[in-house]
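In: kindly return the folded structure for what I paste below:
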Amino acid sequence: MNDEGGRWSIAPFNDAVDAQDLRREWEEWHRSFELMIEMKQVKSQHEKLVTMLCYGGRGLQRIFHNLKPVPEEISPEPVRIPLMPPEYPEYDNAIKRLEKFFVGKRNDRVELEVFRSLKQVADESFNKFVLRLRTQAARCEFGEREEMEILHQITMGARDERVRDKGLESVMDLDDLTSYAINREILVQQREKTKPFRQEAMAVVKQEWPRRPAVFNRNQDSSRFNKVQERIRRPSDRNGSKSVINRRSSECDRCGSWKHGGNYPRCPALGSRCHQCGTTGHFSRKCRKVHAGQRRSAWKPPAQETNAVPGPDDWDEEMPRRPKPEDIAKVE
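Out: Presented below is the predicted three-dimensional model:
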């Protein structure tokens, strides 16, 4: 029902609906029509009938003109005021005739099955769900047990499990259960709104900071260093799996570097002396004799290196000294 140019109007009656929905369509349309004639202040029976047939459209006109009178129709009463023409209840009789026709189109079993199949859908609020239940319950004409039937259907079709449990406890009436379900719905909505903030806070708390790499002393046992190096993992491959690098098979057997092999001509260990066994050509951490079981104290550095520069104490003869002035006078 809308207002066009200051005059209230409604859509024509839809007679093309299914037979089981025809009575429902008539009840809704007739309710809207009653409101419209109340707003327009249509009083006489004849004007009401003409207005109904005009706004009802050709479908309602075809139904009405093919109906026969029913016993429930009202006959006009005798005129009490002299010289006043009697008013024939045309509109009231037409409504009774149409009600008789549309009521016969209702199937009680079908309406009851529709009511039993109602459930709260995913995005439907509880208020809308209860409204659908009340609308369908009115079509089923439960009478005094309407509230009990609605409570039973809420217990079977409510989306919230706690609401269904409250209905099974039978400690709340329909109004109390509706208030409880609405409050539960608001609480769940508030939790869903604050859920991203809680997840961000938990992510900050559980954030794992990168660990500092272990620092090893060169003088310590090199076996521990090699074990840690073997645990270093390469980046994930395309399948997401991780594989351990076998550094012992790819590192240099002279200096221990994994960037080149043992035949690298510019290896820094080629001209260096091992502090464990005394031989030249490798570092102490790659010394094979130590790893084979030889003790550290088995070799001692010589008193004089091969290429070392001799000091003042290493000469056999006396070092020349600076001549004195009395020695120069004797020569002259």
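
In: make sure A11 is indeed in a strand.
Out: No - looking at A11 with DSSP: H, G, I helix; E, B strand; the rest coil, it is coil, so not inside a strand.

In: that one and A181: what is the separation?
Out: Separation of A11 from A181 (CB to CB, to the nearest Å): 34 Å. In short, each C-beta sits where N, CA and C put it, glycine included.

In: count the residues that sit near L98.
Out: 20 (other CB atoms under 10 Å).

In: okay, and the residue nearest to E27 when sequence neighbours are not counted sits in which element?
Out: Once flanking residues are discounted, E27 sits nearest to F102: 7.8 Å by CB to CB, 6 or more residues apart in numbering. Per DSSP states H and E, F102 falls inside helix 90-103.

In: for the helix or strand following that helix, buried residues please.
Out: Where DSSP H and E defines the elements, the next helix or strand beyond helix 90-103 is helix 108-116. For helix 108-116, a neighbour-count test (16 or more other CB atoms under 10 Å) marks E111, L112, F115 as buried.

In: pretty sure the second one contacts C140?
Out: Yes - in this structure, L112 is within contact of C140 by CB atoms under 8 Å, at 5.5 Å.

In: thinking again about what came up before, so A11 and A181 - more neighbours on which side?
Out: Just comparing A11 and A181: by other CB under 10 Å the higher neighbour count belongs to A181, 26 against 11.

In: name the element the more buried one belongs to?
Out: Counting by DSSP H and E, A181 is part of helix 174-205.

In: tell me the mean pLDDT for that helix?
Out: Per-region confidence: helix 174-205 scores 79 on mean pLDDT.

In: residues touching the residue nearest to E27, list them.
Out: By CB atoms under 8 Å, 6 or more residues apart in numbering, the contact set of F102 is L22, R23, W26, E27.

In: count the neighbours of E161 for me.
Out: By other CB under 10 Å, 8 other residues sit near E161.

In: give the rounded mean pLDDT of stretch 252-263.
Out: Mean per-residue pLDDT for stretch 252-263: 83.

In: circling back to that earlier point, could you export the helix holding F102 as PDB, CA atoms only?
Out: Taking C-alpha atoms only, helix 90-103 is exported to PDB below (Å, rounded to 0.1, in the frame of the first residue of the first chain):
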ATOM      1  CA  GLU A  90     -23.700  -5.300  -0.400                       C
ATOM      2  CA  TYR A  91     -20.100  -5.000   0.900                       C
ATOM      3  CA  ASP A  92     -20.600  -7.200   3.900                       C
ATOM      4  CA  ASN A  93     -22.300  -9.900   1.900                       C
ATOM      5  CA  ALA A  94     -19.600  -9.800  -0.800                       C
ATOM      6  CA  ILE A  95     -17.000 -10.300   1.900                       C
ATOM      7  CA  LYS A  96     -18.900 -13.300   3.300                       C
ATOM      8  CA  ARG A  97     -19.200 -14.800  -0.100                       C
ATOM      9  CA  LEU A  98     -15.500 -14.400  -0.800                       C
ATOM     10  CA  GLU A  99     -14.500 -15.700   2.600                       C
ATOM     11  CA  LYS A 100     -16.600 -18.800   2.000                       C
ATOM     12  CA  PHE A 101     -14.800 -19.300  -1.300                       C
ATOM     13  CA  PHE A 102     -11.300 -18.800  -0.100                       C
ATOM     14  CA  VAL A 103     -11.600 -20.800   3.200                       C
END
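
In: buried residues in it, which are they?
Out: E90, Y91, N93, A94, I95, K96, R97, L98, E99, K100, F101, F102.

In: now swap in stretch 276-284 and tell me
Out: Neighbour counts over stretch 276-284 (16+ other CB under 10 Å) mark Q276, C277, H282, F283, S284 as buried.

In: let's have the residues you listed in JSON lines, adding secondary structure, distance to V121 and pLDDT.
Out: Shown next, in JSON lines, are the buried residues of stretch 276-284 (DSSP: H, G, I helix; E, B strand; the rest coil; distance: CB to CB, whole Å; pLDDT from 0 to 100):
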{"residue": "Q276", "secondary structure": "coil", "distance to V121": "80", "pLDDT": "83"}
{"residue": "C277", "secondary structure": "coil", "distance to V121": "83", "pLDDT": "85"}
{"residue": "H282", "secondary structure": "coil", "distance to V121": "78", "pLDDT": "86"}
{"residue": "F283", "secondary structure": "coil", "distance to V121": "75", "pLDDT": "86"}
{"residue": "S284", "secondary structure": "helix", "distance to V121": "77", "pLDDT": "85"}
